[in-house]
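S.K.: This is a predicted model, with the sequence first.
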Amino acid sequence: MSFVPYIPESAPFSEEQRAWLNGFLAGIFSGAQPGPAVAAPPASLKIAVLYGTQSGTAEGLARKVVKDLKAKGHVASLASLEGYTPAALAEERYAILIASTYGEGDPPDAVQPFFQQLCVERFPRYQDLSYAVLALGDSHYEHFCKFGADLDNKLAALGAVRLIPRVDCDVELDAIFGEWKKALYARLAEIVATRPARNAPSSSLISPPAAGSPPSSGPSLPSSTSNGTSAASYSRENPFLAPLVEKRPLTARDSSKLTMHMTFSIADSDLQYQAGDACGVVPQNDRRLVDEIIDALKFSAGARVELPKGGAVTLHEALTHHLQITRVTRKMLEAYATIGNCDALFALLSPDGQSQLEKYAWDRGLIDLIHDYPGVLRSPADLAAVLPRLTPRLYSISSSPAAHTGEIHATIAVVRYYAHNRERGGVCSTLLSDRTHIGERRPIYIQPNKRFRIPADPSAPMVMIGPGTGIAPFRGFLHERRALGASGKNWLFFGERSAATDFFYRDELESMLRDGHLARLDTAFSRDQEKKVYVQDRMLEHSRELWAWLQEGASLYVCGDASRMAKDVHAALHTVAQKEGGMSTDAAQAYVASLKEDNRYHRDVY
Ligand SMILES: Cc1cc2nc3c(=O)[nH]c(=O)nc-3n(C[C@H](O)[C@H](O)[C@H](O)COP(=O)(O)OP(=O)(O)OC[C@H]3O[C@@H](n4cnc5c(N)ncnc54)[C@H](O)[C@@H]3O)c2cc1C
Ligand SMILES: NC(=O)c1ccc[n+]([C@@H]2O[C@H](COP(=O)([O-])OP(=O)(O)OC[C@H]3O[C@@H](n4cnc5c(N)ncnc54)[C@H](OP(=O)(O)O)[C@@H]3O)[C@@H](O)[C@H]2O)c1
Ligand SMILES: Cc1cc2nc3c(=O)[nH]c(=O)nc-3n(C[C@H](O)[C@H](O)[C@H](O)COP(=O)(O)O)c2cc1C
C-alpha cells in the first residue's frame, strides 16, 4: 500500500485550498499522471450538494456528504434548494440532491419555487450535469418519496445524466443512506480514476484558490450557526437527558381528550433553540406491551438479537428501546408476509389492496399482526428483520428562549384509543403523560425549523392560525415577541372541541388580550354547537379585517393537523383574497404564492 501524504488541518491554508492540495497529492501518489500544465488535480471534482428540507433531515445528510467529499479531496459546496435556481444548477457539472416529500407528494414548502421553475424548463440544457438524487420520505404516506422521484425524472428528461440510480429512503434511513453513499463515492472515484484531468469539462476542474479568496463558485456554505440555533454537543444521535420539571393537563377532567403542558429543564445543557423550533424526544415502548409480545411469541426476554445498525442486545431491550411496535408500516407487512409466505397479507399489499391496507395499518400494531397471522415469527432475529427502528417524535416547542430561560415547553396531545378489543396508546405521548414523573429524565434534542420564525421586522403584524396542539409554537411566538418588546400587532385563531374543557392556555391568552399584546383572539370551539365551527370559518367571518392585516404586511402562520385543517385553511386564505381583494381564482393563487415567496406565509403542519 502506498503512502499518500495529506495537508493537516493546522496548515496555513483555507479549507478549500487544503481540499485542492489533498486531491492533488492523492492524484499523484495514487499513480495517476498529473496533467502537463498541472491545470487540475486529478482527484478533485467540484460538486454541489443541494438539499430540500422541511424539518432538517435532508440538510443534516447533505452536510455529512459534503464533509465526506471534502475528506476525499473534492471541492464540495452545500446549499439549500430554497432560493436556488435552475440556472445555477445548469452551471454545475456534478450535483448531489437530497430532498424530502410533503403534502400530496410535494416538495418541502421552501423548495416549491425552485421546482416550479424547473418544471417549466423544456430545453435540455443539463446535458453537462451528472447528478444523484437521494429521496427522503415515509412509506406511511401514499406518495412515498414522490418529490425526489419527480426531481430525478425531470433532471433526466432535461438531459442530465445519473451518476447512480435514485434511492428512496424510509424514515429509518441510516443503513440505506450508508449504502447510497458507498455507491456514490465509488462512482465518483471511478470518474476521477478514468477521466484524465485535462479532458474534464473545464468548469469541473479545480484551480487552487488564492489565499483568502471566497469559495470558488456556486452558492456559499451556510454557517452551521447562521440562524443562531446551535445544539453544539447534543443531537438526535446524542440527546440530552432533560429532567421533567412541570406537567399539567391543559384539558379539563371531563374533556373528551387529554392534552398536556410539559416543561423540561435544559439549564444544565448547552442546548439552544429559537421560537418555532421543535423538540425531538427519543421514546421507549411500554414495558407491558413489550412483555405481552414476548409472551405471545414464547421467546426468551434475554435472548440476544443483532440489530441491523449493529450491536447485539437482549430481546427485551430491543423491543423496549430500538424497535417500533405500536405502528404497522407497509415495509413491515412486506417483510412479515415474506417470512410467513402469507397470501392474505400479499393481497393487502397488492395495488388493489391499498385502501384496505391503510385501514388495517391505521389502528393496529405488532401485537395484532402476531394474533392475526400467527406462527410467522420463529426467532428473535425475525423480529429484528421485520420491525422498523423506533424513531424520535417531534413536538413544536411552546416556549420562548427569551421568556423561559433554561426551559423547553411542549404541548402534547395524548394519543389514546380503543380498537380491536384493546386500549392502545401512542408510544411517545403516553410515555410522557403516563410514564414520566417530575424529576425523571428523558432524552431530547432540538430540531431546528429555520423557516418558522417570528417576523424579522418587530413592527410587522403577525396572524397565527393554530387549532389543537397547533397553538404550541404560537404560544412561543407570543412570549418571544413580548420578551423582545416587538411592537407588531398579534392575532391568534385557536380552535378546539369545547370552550369549557379544551381552551388551552386560556388565562394566559385572555390576559394578553386584555393588555393588548394580543390585538385579536378568535376561537372556534367545534363541538359547542350543533354545526361544527372551525378556525377557517372564523377567518372567513373576519375576512375584511384579515385582508386589511395582510395589506399592512402581516405574516401568516399555520400550525397543526396537516391532513385536513391545513388544507382547509389554505383554501380559506384563497377565498379571503378573492372576496376582499376582488381577485379571480388564478390571481388569488398567485397572491398566496407571492405571500410564500415574500416569506409571509409559513406552515408547520404534521
Ligand atoms: C414537526 C412536528 C411537530 C409536532 N408537534 C406536535 C405537538 O406540538 N404536539 C403534539 O401532540 N404532537 C406533535 N406532533 C406529533 C408527534 O410527533 C407524534 O406524532 C404524536 O405525539 C404521536 O406520537 P406517539 O408516539 O404518541 O404515537 P405513535 O406510537 O406514533 O402512534 C400514532 C399512530 O397511532 C394511530 N392512531 C393515532 N390516533 C388514533 C386514533 N384516534 N384511532 C386510531 N388510531 C390512531 C395511528 O396509526 C398513528 O400513526 C408533531 C409532529 C411533527 C412532525
Ligand atoms: N389524520 C387524522 O385523521 C387526524 C385527526 C385528528 C388529529 N390528528 C392528529 O392528532 C394530533 C393531535 O391533534 P390535536 O389535539 O392537535 O387536535 P385536532 O384533533 O387537530 O383538533 C383540534 C380542533 O380542530 C378541529 N378540526 C377538525 N377538522 C378540522 C378542519 N378540517 N379544519 C379545522 N379544524 C378542524 C377539531 O374539531 P373536531 O375534532 O370537533 O372535528 C378540533 O376542534 C395531531 O398530530 C393531528 O395531526 C390526526
Ligand atoms: C406532515 C408531513 C407530511 C409528509 N408527507 C410525506 C409524503 O407525502 N410522502 C413521503 O414519502 N413522506 C412524507 N413525509 C415524511 C418526510 O418526507 C420524511 O420524514 C423526511 O425524512 C423529512 O425530511 P426533512 O426533515 O428533510 O424534511 C411527511 C412528513 C410530515 C411530517
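M.R.: It's in. Ligands and ions are numbered 1, 2, ... in the order given.
S.K.: now Thr326, what's its secondary structure?
M.R.: Secondary structure, DSSP: H, G, I helix; E, B strand; the rest coil: Thr326 is coil.
S.K.: Next one: the nearest residue to Gln578 once chain neighbours are set aside from ligand 3, what distance?
M.R.: Using Cβ to Cβ, 6 or more residues apart in numbering and skipping the chain neighbours, the partner closest in space to Gln578 is Ala588 (4.7 Å). (Glycine included, C-beta is placed from N, CA and C.) Distance of Ala588 to ligand 3, given as Cβ to the nearest ligand atom, to the nearest Å: 24 Å.
S.K.: going forward, begin numbering at 673 instead of 1
M.R.: Sounds good: first residue 673 from here, last item Ala1260.
S.K.: Where does the stretch 1123-1272 of the chain get nearest to ligand 1, residue-wise?
M.R.: Using Cβ to the nearest ligand atom, Thr1141 is the residue of the stretch 1123-1272 of the chain that sits closest to ligand 1, at 3.6 Å.
S.K.: List of residues touching the helix or strand containing the residue nearest to Gln1250?
M.R.: Under the criterion of DSSP states H and E, Ala1260 resides in helix 1257-1269. By Cβ atoms under 8 Å, 6 or more residues apart in numbering, the list of residues contacting helix 1257-1269 from outside reads 781, 784-785, 1222, 1228, 1242, 1245-1247, 1249-1250, 1253, 1255, 1273.
S.K.: As CSV, these with distance to Ile1039, pLDDT and secondary structure would be great.
M.R.: CSV is the format used below for these (distance: Cβ to Cβ, whole Å; pLDDT from 0 to 100; DSSP: H, G, I helix; E, B strand; the rest coil):
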residue, distance to Ile1039, pLDDT, secondary structure
Asp781, 37, 88, helix
Gln784, 41, 90, helix
Pro785, 45, 87, helix
Leu1222, 50, 98, helix
Leu1228, 43, 98, strand
His1242, 38, 97, helix
Leu1245, 43, 98, helix
His1246, 44, 98, helix
Thr1247, 45, 98, helix
Ala1249, 49, 98, helix
Gln1250, 50, 98, helix
Gly1253, 54, 97, helix
Met1255, 53, 98, coil
Tyr1273, 43, 96, strand
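S.K.: Return the members of the residues you listed classed as buried.
M.R.: Asp781, Gln784, Pro785, Leu1222, Leu1228, His1242, Leu1245, His1246, Ala1249, Gln1250, Met1255, Tyr1273 (16 or more other Cβ atoms under 10 Å).
S.K.: Relative to ligand 3, which of the residues you listed is nearest.
M.R.: In terms of Cβ to the nearest ligand atom, no member of the buried ones among the contacts of helix 1257-1269 lies closer to ligand 3 than Asp781, at 9.8 Å.
S.K.: For the chain, what lies in contact range of ligand 1?
M.R.: Proximity of the chain to ligand 1, by Cβ under 6 Å from any ligand atom, involves residues 727, 950, 955, 998-999, 1034-1035, 1065-1068, 1083-1085, 1087, 1089, 1091, 1098-1101, 1141, 1144, 1278.
S.K.: what's the spacing between the helix holding Ala1260 and its chain's center?
M.R.: Its chain's C-alpha centre and that of helix 1257-1269 lie 25 Å apart, by Cα atoms, centre = their mean, to the nearest Å.
S.K.: now stretch 1218-1238
M.R.: 21 Å.
S.K.: Buried residues in stretch 1040-1056, which are they?
M.R.: Asp1040, Leu1041, Ile1042, Tyr1045, Val1048, Leu1049, Pro1052, Asp1054, Leu1055, Ala1056.
S.K.: a markdown table please, covering those residues and showing pLDDT and secondary structure.
M.R.: A markdown table is the format used below for the buried residues of stretch 1040-1056 (pLDDT from 0 to 100; DSSP: H, G, I helix; E, B strand; the rest coil):
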| residue | pLDDT | secondary structure |
| --- | --- | --- |
| Asp1040 | 96 | helix |
| Leu1041 | 95 | helix |
| Ile1042 | 96 | helix |
| Tyr1045 | 94 | coil |
| Val1048 | 95 | coil |
| Leu1049 | 96 | coil |
| Pro1052 | 95 | helix |
| Asp1054 | 95 | helix |
| Leu1055 | 94 | helix |
| Ala1056 | 93 | helix |
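S.K.: Go through those residues and name the one nearest Pro837.
M.R.: Each of the buried residues of stretch 1040-1056 was scored against Pro837 by Cβ to Cβ, and Ala1056 proved nearest at 27.3 Å.
S.K.: thought the closest one was touching Leu991?
M.R.: No. Here Ala1056 does not reach Leu991: they are 9.7 Å apart, not a contact under Cβ atoms under 8 Å.
S.K.: Give me the common contacts of the two.
M.R.: Residues touching both Ala1056 and Leu991 (Cβ under 8 Å, 6+ apart): there are none.
S.K.: So what's the residue count around Ala984?
M.R.: Applying other Cβ atoms under 10 Å, we find 11 other residues in the vicinity of Ala984.
S.K.: Contact partners for it?
M.R.: Neighbours of Ala984 in contact, by Cβ under 8 Å, 6+ apart: Arg976, Val977, Glu978.
S.K.: Not including adjacent chain positions, what is the nearest residue to the first one?
M.R.: Meaning Arg976. Among residues not flanking Arg976 along the chain, Ala984 sits closest, at 4.7 Å (Cβ to Cβ, 6+ apart).
S.K.: Among the residues of the chain next to ligand 1, which ones are in strands?
M.R.: Ala950, Arg1065, Leu1066, Tyr1067, Ser1068, Thr1083, Ile1084, Ala1085, Tyr1089, Ala1091 (DSSP state E).
S.K.: Name only those of these that count as buried.
M.R.: Neighbour counting over these (16+ other Cβ under 10 Å) leaves Ala950, Arg1065, Leu1066, Tyr1067, Ser1068, Thr1083, Ile1084, Ala1085 as the buried ones.
S.K.: Report pLDDT for the fifth one.
M.R.: So the one you mean is Ser1068. Note on Ser1068: pLDDT of 98.
S.K.: Find the nearest non-adjacent residue to it, please.
M.R.: Ala1144 (4.0 Å).
S.K.: So the one you found versus Gly948, what's the distance?
M.R.: 10 Å (Cβ to Cβ, to the nearest Å).
S.K.: swap in Ser716?
M.R.: 39 Å.
S.K.: all helices for the stretch 773-922 of the chain, in order.
M.R.: Applying DSSP state H, counting those that start in this stretch to the stretch 773-922 of the chain gives helices spanning 784-792, 818-829, 846-866.
S.K.: Which elements pack onto the longest one?
M.R.: Contacts of helix 846-866 with other secondary structure elements, assessed using 3 or more Cβ pairs under 8 Å, 6 or more residues apart in numbering; DSSP states H and E, are made with helix 729-743, strand 802-808, strand 839-841.
S.K.: pLDDT at the residue of the stretch 873-1022 of the chain found nearest ligand 3, what is it?
M.R.: As assessed by Cβ to the nearest ligand atom, ligand 3 sits closest to Ala950 within the stretch 873-1022 of the chain, at 10.1 Å. Per-residue pLDDT puts Ala950 at 97.
S.K.: Show me what counts as buried in stretch 1063-1079.
M.R.: For stretch 1063-1079, by 16+ other Cβ under 10 Å, it's 1063-1076, 1079.
S.K.: Which residue is the nearest non-sequential neighbour of the closest residue to ligand 2 within the stretch 1023-1172 of the chain?
M.R.: Of all residues in the stretch 1023-1172 of the chain, Gly1140 sits closest to ligand 2, at 2.4 Å by Cβ to the nearest ligand atom. Spatial nearest neighbour of Gly1140, chain neighbours left out: Gly1232 (5.1 Å); criterion: Cβ to Cβ, 6+ apart.
S.K.: Number of residues surrounding that neighbour?
M.R.: When neighbours are defined as other Cβ under 10 Å, Gly1232 has 27 of them.
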